[in-house]
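A.B. asks: give me a 3D structure for the following:
(one chain, ligands or ions: 1)
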Amino acid sequence: MTTEVPGKLSPGRTTLAARVRDLIEAVVLAEDDPPGLLDAAARIEEVTESLRARRRESPRLLVQADTVGRLSANNPVEGPGNPLAPPLSRIRVDVDGMRAEVTFTAVHEGPPERVHGGWVAAVLDHAVGRAVAAAGHPAMTASLTVDYHEGTPYGVPLEVEARFARRDGRKVYAIANISSGGTITATASAILVLFTGPVPG
Ligand SMILES: CCCCCCCCCCCC(=O)SCCNC(=O)CCNC(=O)[C@H](O)C(C)(C)COP(=O)(O)OP(=O)(O)OC[C@H]1O[C@@H](n2cnc3c(N)ncnc32)[C@H](O)[C@@H]1OP(=O)(O)O
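C.D. replies: Numbering: from 1, shown residues only. Coordinates of the predicted model:
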């Protein structure tokens, strides 16, 4: 079953996701104190069980997005309802593309003190998907080429930009970049393929 929530997500859901994000960071940074860690694990298990008792059938919780189609609030990159999402903030979308901010944390570390390249790619992939949908060409990524120019820092707000470039039949071309303090750390070029049937969601 799909639950559609028009407008904003319930504050309870976004707050819970934010606290779980804090929890994940605390877990990653916790000192190695086995009894303390096991005690924390038992307390977390209790909370997990209480949430499981109210489990929904589907992970999809839809909100009206500020673009073509609808975007799940549980989206793992942008979704404020998903603790896994960094998430994105200050999202601005128009026909030319999308801009947003994202702040990674130590949870996302790949190289020392830098963001894991897979997370950088995930954000760029998401951004091109958003940009082409906003341009009126909702499509799925078929190919994503990422160039990592410099390490991407965590703990600071990063700017994400993506824009629709052109369309050739079902193929839609887009580019994106992520930058820190005006320095571009990674760029992407993508080929997306238009949905054939109705756009999911
Ligand atoms: C929603 C609103 C919310 C909008 C907001 C959305 C934000 C979320 C964004 C999430 C981004 C993602 O994670 S996207 C999810 C990750 N991507 C996927 O799961 C896609 C998996 N791949 C597929 O399902 C399929 O391969 C498709 C649908 C992409 C294409 O399959 P198809 O429909 O059978 O099309 P097909 O005939 O093979 O190809 C069509 C044309 O594209 C070309 N083509 C196909 N693959 C490639 C390729 N890798 N590189 C180059 N070109 C390619 C073909 O040569 C052909 O060109 P020609 O002969 O026409 O010239």
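A.B. asks: quick check: chain neighbours aside, which residue is closest to the spatially most central residue of the chain?
C.D. replies: The centroid of the chain falls nearest to Val77 when counting by Cα atoms, centre = their mean (0.9 Å). Distances taken as Cβ to Cβ, 6 or more residues apart in numbering place His126 nearest to Val77, at 4.0 Å, with adjacent residues excluded. For every residue, glycine as well, the C-beta is placed using N, CA and C.
A.B. asks: so how far is the ligand from that neighbour?
C.D. replies: 5 Å (Cβ to the nearest ligand atom, to the nearest Å).
A.B. asks: next, Asn75: phi, psi?
C.D. replies: In terms of degrees, to the nearest 10, the main-chain angles of Asn75 are phi -60, psi 130.
A.B. asks: point out where the chain drops to low pLDDT.
C.D. replies: Applying pLDDT under 70 to the chain flags the ranges 1-8, 62, 64-69, 198-201.
A.B. asks: ranges for the helices of it?
C.D. replies: 11-29, 34-52, 117-134 (DSSP state H).
A.B. asks: the second one: how far from the chain's middle?
C.D. replies: Right, helix 34-52. 26 Å (Cα atoms, centre = their mean, to the nearest Å).
A.B. asks: next, the angle helix 11-29 makes with it.
C.D. replies: 160 degrees (axes from the mean of the first three to the mean of the last three Cα atoms, to 10 degrees).
A.B. asks: again with the shortest one
C.D. replies: In this structure, helix 117-134 runs at an angle of 160 degrees to helix 11-29, with the same axes, to 10 degrees as the basis.
A.B. asks: give the buried residues for helix 117-134.
C.D. replies: By neighbour count on 16 or more other Cβ atoms under 10 Å, the buried set for helix 117-134 is 119-134.
A.B. asks: again, but for the second one
C.D. replies: Along helix 34-52, not one residue counts as buried under the neighbour rule (16+ other Cβ under 10 Å).
A.B. asks: list of residues touching that helix?
C.D. replies: By Cβ atoms under 8 Å, 6 or more residues apart in numbering, the list of residues contacting helix 34-52 from outside reads Leu23, Val27, Ala30.
A.B. asks: ok, the second one to Asp168 distance?
C.D. replies: Just to be clear, that refers to Val27. Distance of Val27 to Asp168, computed by Cβ to Cβ, to the nearest Å: 46 Å.
A.B. asks: so for those two, which sits in the more crowded spot?
C.D. replies: Val27 (13 against 8; other Cβ atoms under 10 Å).
A.B. asks: list the contacts of the more buried one.
C.D. replies: Counting by Cβ under 8 Å, 6+ apart, Val27 has contacts Ala40.
A.B. asks: distance of it relative to the ligand?
C.D. replies: To the ligand, Val27 is 26 Å away according to Cβ to the nearest ligand atom.
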